[in-house]
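**Q** Have a look at this prediction, sequence included:
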Amino acid sequence: MKTLLLCCFIFVGFIGISAQERYVKPVDEAKKDASFLAFRTKLIAAAKRRDAKYILSVVDKDIKNSFGGNDGIAEFKKSWKIESSKSKFWSEFLPVITNGGKFFREGGGKTELFIAPYSFQGFPDELDAFSYSIIFGNNVNLREKPEMNAAVVGKLSYNIVEITNSIKDKSNAEKDDWYEIKTLGGKKGFVKAEFVRSPIDYRAGFEKKNGKWKMTFFLAGD
């Protein structure tokens, strides 16, 4: 009987631990380096006004564009066509550069990178980055249905979530409008897609070369 009770307590304890919410909270180390902070301020302003000339001036000639080997600034220009104000680069890049990040030394080496946004480096290693995403915001409405006037059943801030379904945007079939999600703590509902981000979505790396900050990669995936 004692053994049975002990097993029950262990089982209940396990459920309690496994049902805990987990978060990836914002981090921004840019202030650690005044030169980078000034550089990023100019970069954000340029991205907001869609200044392709400035962006290209800070792109490293050997920029890594993907894991497929199509690196270099020529491929960057070809892929993104940022001379066009309608380029998808702008909508992908702004959330990256305006959401913090951390400095990083690969393998403890001398080269220091700043990697943005914060969601990439902050994601727990033990969780599958392909299976889970992050609530990319504070006090995001969790709704009963995928409708703006649907009842709010909770508020989420930086929670790690699992996407269980996606609802396409009626005006753009290539774009998700809503996600049905489940948090690690068991909360369920619908969130606007703009507030849900994969930890392996687009991120950017910046390195100081010959006294000037350069963007050395802009890619997604793992």
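**A** Happy to help now that I have it.
**Q** Low-confidence regions, this structure specifically.
**A** 1-18, 107-109 (pLDDT under 70).
**Q** Can you spell out the domain ranges of it, please?
**A** What automatic domain parsing lists as the domains of the chain is 30-125+201-219, 133-197.
**Q** so how far is the first residue of the first one from its last?
**A** Distance across domain 30-125+201-219, first residue to last, is 20 Å (CA to CA, to the nearest Å).
**Q** Going by residue numbers, what spans are helices in the chain?
**A** Assigned helices in the chain, in chain order: 2-18, 34-48, 52-58, 73-80, 88-97, 118-121 (criterion: DSSP state H).
**Q** could you redo these as a markdown table and give each row mean neighbour count and distance to Arg197?
**A** Yep, even glycine has a C-beta here, placed from its N, CA and C like the rest. Below are these laid out as a markdown table (neighbours: other CB atoms under 10 Å; distance: least, CB to CB, whole Å):
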| stretch | mean neighbour count | distance to Arg197 |
| --- | --- | --- |
| helix 2-18 | 9 | 24 |
| helix 34-48 | 15 | 18 |
| helix 52-58 | 15 | 22 |
| helix 73-80 | 16 | 20 |
| helix 88-97 | 17 | 8 |
| helix 118-121 | 23 | 6 |
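**Q** Quick one: closest of those to Pro199.
**A** Nearest to Pro199 among the helices of the chain is helix 118-121; the distance by CB to CB comes to 5.5 Å.
**Q** contacts for that closest one?
**A** Here helix 118-121 makes contact (CB atoms under 8 Å, 6 or more residues apart in numbering) with 24, 26-28, 99-102, 104, 115, 134, 136, 197, 199-201, 203.
**Q** Selecting buried members of those residues in ChimeraX, what would you type?
**A** If you want just the buried ones from those in ChimeraX, going by 16 or more other CB atoms under 10 Å, the selection is:
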select :24,26,28,99,100,101,102,115,134,136,197,199,200,201,203
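**Q** Narrow the contacts of helix 118-121 to those in strands?
**A** Secondary structure from DSSP state E places 102, 104, 115, 134, 197, 203 of those in strands.
**Q** Which one of these is nearest to Lys77?
**A** Arg203 (19.7 Å).
**Q** so who does that closest one touch?
**A** Counting by CB under 8 Å, 6+ apart, Arg203 touches 96, 115-117, 120, 217-220.
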